[in-house]
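In: just need the structure, nothing else, for what follows:
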Amino acid sequence: MKRWIIFFVLIACNSSSKGPSDLIPQENFVDILYEIELIDAIEIQNMGIDEQSDTLTLSNYKFLFDSIGISKEQFDRSFEYYKRDRNKMLEMTDTLLKRLGQKEEEISKKLRDQRWRSKKEND
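Out: I've put the predicted structure just below:
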């Protein structure tokens with residue numbers, strides 16, 4: 001009896017650690033999360049948060065998923081898999097935050113340069 005229990009535990013651990021058959025690779029998943037964050041930031045900047053913007057956001061997520069050849073369900077399954085592994089999720093979050101920080105610096109620099117040129121032209 002103990003052998004069977006150990007056998008089933010091993011099978012259960014192995015099957016859950018592999019993830020879904022259509023698991024989005026971790027590097028690609030971070031890229032998708034990055035794009036989702038950009039979509040959210042743009043929509044909040046342009047429209048604020050309301051029911052209409054939620055509909056637009058879902059439409060833009062669908063466009064993103066379609067453009068890279070995945071489904072919302074595949075994304076959801078991959079997300080569920082990754083969130084079960086705390087270390088992977090922390091690693092992806094760190095990578096995502098670094099990329100978003102770099103993007104913020106890039107945008108801030110462009111805005112400063114535009115303001116400087118505009119101010120110089122007006123003087």
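
In: Tyr81 touches Ser21, doesn't it?
Out: No - contact criterion Cβ atoms under 8 Å: Tyr81 and Ser21 do not qualify, at 10.9 Å. (Each C-beta comes from the backbone N, C-alpha and C, glycine too.)

In: look at those two and report which has more neighbours.
Out: Using other Cβ atoms under 10 Å as the criterion, Tyr81 and Ser21 rank with Tyr81 on top: 19 against 7.

In: can you tell me how far the more buried one is from Ile24?
Out: Tyr81 sits 9 Å away from Ile24, going by Cβ to Cβ, to the nearest Å.

In: same question for Ile107.
Out: For Ile107 relative to Ile24 (Cβ to Cβ), the value is 27 Å.

In: more neighbours: these two, which one.
Out: Ile24 (21 against 11).

In: what strand or helix carries that one?
Out: Per DSSP states H and E: Ile24 is located in neither a helix nor a strand.

In: again, but for Glu91
Out: Going by DSSP H and E, Glu91 is part of helix 86-122.

In: next, the buried residues of that helix.
Out: Judged by neighbour count (16 or more other Cβ atoms under 10 Å), helix 86-122 contains these buried residues: Met92, Thr95, Leu96, Arg99.

In: which members of those residues are the farthest-apart pair?
Out: Based on Cβ to Cβ, the longest span within the buried residues of helix 86-122 runs between Met92 and Arg99 and measures 10.6 Å.

In: overlap in contacts of those two?
Out: Val30 (Cβ atoms under 8 Å, 6 or more residues apart in numbering).
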